[in-house]
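Engineer: Let me see the structure of the following:
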Amino acid sequence: MSGNKIVNGVSSRLFRCFVFPVLSLVFVAVFSFSVSAGTAAAEPYPCGDRGETGLCADNLRALNVRTGPATSYTALSRAPEGKSMAIDCWSFGESIKGDNIWYYITWVSSFDGHSGFVTGYYLNTGPDPAPGIPQC
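Structural biologist: Predicted structure coming up:
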(Lines give C-alpha, C1' and ligand atoms only; values in the text may rest on other atoms or scores of the structure.)
Protein backbone atom coordinates (compact mmCIF):
# COMPACT_ATOMS: atom_id res chain seq x y z
CA MET A 1 0.00 0.00 0.00
CA SER A 2 2.43 2.62 -1.08
CA GLY A 3 1.15 6.17 -0.57
CA ASN A 4 -1.94 5.17 1.42
CA LYS A 5 -1.89 6.01 5.10
CA ILE A 6 -3.98 3.95 7.45
CA VAL A 7 -5.79 6.14 9.97
CA ASN A 8 -8.04 4.52 12.56
CA GLY A 9 -8.22 1.38 10.42
CA VAL A 10 -9.34 3.19 7.23
CA SER A 11 -6.95 3.85 4.38
CA SER A 12 -6.85 7.37 2.95
CA ARG A 13 -7.63 5.95 -0.51
CA LEU A 14 -10.81 4.28 0.77
CA PHE A 15 -11.82 7.52 2.48
CA ARG A 16 -11.21 9.63 -0.66
CA CYS A 17 -12.90 7.19 -3.03
CA PHE A 18 -15.90 6.11 -1.00
CA VAL A 19 -16.61 7.78 2.33
CA PHE A 20 -16.09 11.41 1.29
CA PRO A 21 -18.24 11.21 -1.91
CA VAL A 22 -21.09 9.46 -0.06
CA LEU A 23 -21.09 12.05 2.73
CA SER A 24 -21.00 14.84 0.13
CA LEU A 25 -24.04 13.41 -1.70
CA VAL A 26 -25.99 13.07 1.55
CA PHE A 27 -25.22 16.69 2.48
CA VAL A 28 -26.24 18.00 -0.97
CA ALA A 29 -29.45 15.96 -0.99
CA VAL A 30 -30.53 17.14 2.47
CA PHE A 31 -29.64 20.78 1.79
CA SER A 32 -31.37 20.80 -1.62
CA PHE A 33 -34.56 19.29 -0.22
CA SER A 34 -34.82 21.75 2.67
CA VAL A 35 -34.25 24.78 0.41
CA SER A 36 -36.73 23.70 -2.27
CA ALA A 37 -39.40 22.65 0.23
CA GLY A 38 -39.20 25.96 2.07
CA THR A 39 -39.39 28.06 -1.08
CA ALA A 40 -42.35 26.26 -2.63
CA ALA A 41 -44.49 26.43 0.50
CA ALA A 42 -44.16 30.19 0.95
CA GLU A 43 -45.86 31.43 -2.20
CA PRO A 44 -49.47 32.10 -3.12
CA TYR A 45 -51.01 29.48 -5.38
CA PRO A 46 -53.88 29.56 -7.94
CA CYS A 47 -57.33 29.28 -6.36
CA GLY A 48 -58.74 27.42 -9.38
CA ASP A 49 -59.67 24.26 -7.48
CA ARG A 50 -61.94 26.33 -5.22
CA GLY A 51 -63.96 27.84 -8.05
CA GLU A 52 -62.38 31.26 -7.47
CA THR A 53 -59.97 33.31 -9.53
CA GLY A 54 -56.75 34.87 -8.34
CA LEU A 55 -54.27 33.65 -5.77
CA CYS A 56 -54.70 31.83 -2.47
CA ALA A 57 -52.47 31.39 0.58
CA ASP A 58 -52.74 29.50 3.87
CA ASN A 59 -52.65 31.19 7.25
CA LEU A 60 -49.95 30.00 9.63
CA ARG A 61 -52.10 30.39 12.76
CA ALA A 62 -55.69 31.27 13.66
CA LEU A 63 -56.36 34.84 12.49
CA ASN A 64 -58.95 37.51 13.15
CA VAL A 65 -60.51 38.75 9.90
CA ARG A 66 -60.98 42.51 10.40
CA THR A 67 -62.82 45.44 8.82
CA GLY A 68 -59.52 47.30 8.24
CA PRO A 69 -55.73 46.83 8.23
CA ALA A 70 -55.04 47.12 11.97
CA THR A 71 -55.86 45.37 15.23
CA SER A 72 -57.96 48.40 16.26
CA TYR A 73 -60.55 47.49 13.58
CA THR A 74 -63.48 45.22 14.44
CA ALA A 75 -62.90 41.48 14.13
CA LEU A 76 -65.61 40.08 11.83
CA SER A 77 -64.68 36.42 12.19
CA ARG A 78 -61.78 34.15 13.09
CA ALA A 79 -60.15 31.91 10.48
CA PRO A 80 -58.73 28.65 11.89
CA GLU A 81 -55.05 27.78 11.38
CA GLY A 82 -54.20 26.36 7.95
CA LYS A 83 -57.27 27.80 6.23
CA SER A 84 -56.94 28.53 2.50
CA MET A 85 -57.76 32.16 1.75
CA ALA A 86 -58.36 33.90 -1.59
CA ILE A 87 -56.30 37.11 -1.66
CA ASP A 88 -57.99 40.07 -3.36
CA CYS A 89 -55.42 42.80 -2.68
CA TRP A 90 -52.96 44.20 -0.13
CA SER A 91 -52.76 47.42 1.88
CA PHE A 92 -50.36 49.16 4.23
CA GLY A 93 -51.51 49.01 7.85
CA GLU A 94 -50.44 48.44 11.43
CA SER A 95 -47.03 46.83 11.74
CA ILE A 96 -47.19 43.33 13.23
CA LYS A 97 -43.72 42.10 14.23
CA GLY A 98 -42.15 44.42 11.62
CA ASP A 99 -44.58 43.55 8.79
CA ASN A 100 -46.99 46.37 7.85
CA ILE A 101 -48.69 44.59 4.92
CA TRP A 102 -52.31 43.46 5.34
CA TYR A 103 -54.27 41.41 2.80
CA TYR A 104 -57.95 41.70 1.98
CA ILE A 105 -59.03 38.06 1.79
CA THR A 106 -62.06 35.84 1.40
CA TRP A 107 -62.37 32.45 3.05
CA VAL A 108 -65.26 30.05 3.21
CA SER A 109 -66.33 28.31 6.41
CA SER A 110 -68.79 25.45 6.49
CA PHE A 111 -71.62 27.98 6.80
CA ASP A 112 -70.76 31.06 4.74
CA GLY A 113 -68.03 33.22 3.23
CA HIS A 114 -66.02 35.80 5.15
CA SER A 115 -64.11 38.79 3.75
CA GLY A 116 -61.83 41.24 5.49
CA PHE A 117 -58.24 42.12 6.32
CA VAL A 118 -55.62 39.81 7.86
CA THR A 119 -52.02 40.63 8.70
CA GLY A 120 -49.43 39.51 6.17
CA TYR A 121 -47.15 38.36 8.99
CA TYR A 122 -49.18 35.19 9.54
CA LEU A 123 -50.22 34.57 5.92
CA ASN A 124 -47.97 32.18 3.97
CA THR A 125 -47.24 34.46 0.99
CA GLY A 126 -43.46 34.68 1.04
CA PRO A 127 -42.27 38.28 0.71
CA ASP A 128 -44.78 41.02 1.56
CA PRO A 129 -46.41 42.33 -0.49
CA ALA A 130 -46.62 39.09 -2.46
CA PRO A 131 -45.84 39.40 -6.19
CA GLY A 132 -48.89 39.27 -8.46
CA ILE A 133 -51.32 40.66 -5.87
CA PRO A 134 -52.54 44.23 -6.53
CA GLN A 135 -52.62 47.01 -3.95
CA CYS A 136 -56.15 47.81 -2.67
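Engineer: Contacts for the helix or strand where Trp90 lies, please.
Structural biologist: Element membership for Trp90 (DSSP states H and E) is strand 84-96. Under the contact criterion CB atoms under 8 Å, 6 or more residues apart in numbering, strand 84-96 has outside partners 44, 47, 50, 52, 54-59, 68-72, 79, 100-107, 115, 117-123, 125, 128-130, 133-136. The C-beta positions use only the backbone N, C-alpha and C, and glycine is treated the same way.
Engineer: Same question for stretch 124-136.
Structural biologist: Here stretch 124-136 makes contact (CB under 8 Å, 6+ apart) with 41-44, 55, 57-60, 87-91, 99, 101, 103-104, 120-121.
Engineer: Flag every buried residue along the helix or strand Thr106 falls within.
Structural biologist: According to DSSP H and E, Thr106 maps onto strand 99-108. In terms of neighbour count (16 or more other CB atoms under 10 Å), strand 99-108 has its buried residues at Asn100, Ile101, Trp102, Tyr103, Tyr104, Ile105, Thr106, Trp107.
Engineer: contacting residues for Trp107?
Structural biologist: Trp107 sits next to Val65, Ala79, Lys83, Ser84, Met85, Ala86, Gly113, His114 when contact means CB under 8 Å, 6+ apart.
Engineer: can you name the two of these that are farthest apart?
Structural biologist: For those, the farthest-apart pair by CB to CB is Val65 and Ser84; their separation is 13.5 Å.
Engineer: quick one, which of the two is more surrounded?
Structural biologist: Neighbour count, other CB atoms under 10 Å: between Val65 and Ser84, Val65 has more, with 23 against 18.
Engineer: and the more buried one, bridged to which residues?
Structural biologist: With DSSP bridges applied, the residues forming beta bridges to Val65 are Ser77.
Engineer: can I assume it is in contact with Phe117?
Structural biologist: Yes - in this structure, Val65 is within contact of Phe117 by CB atoms under 8 Å, at 7.1 Å.
Engineer: Can you pull the residues that touch both of those two?
Structural biologist: Taking CB under 8 Å, 6+ apart as the criterion, Val65 and Phe117 both touch Ile105.
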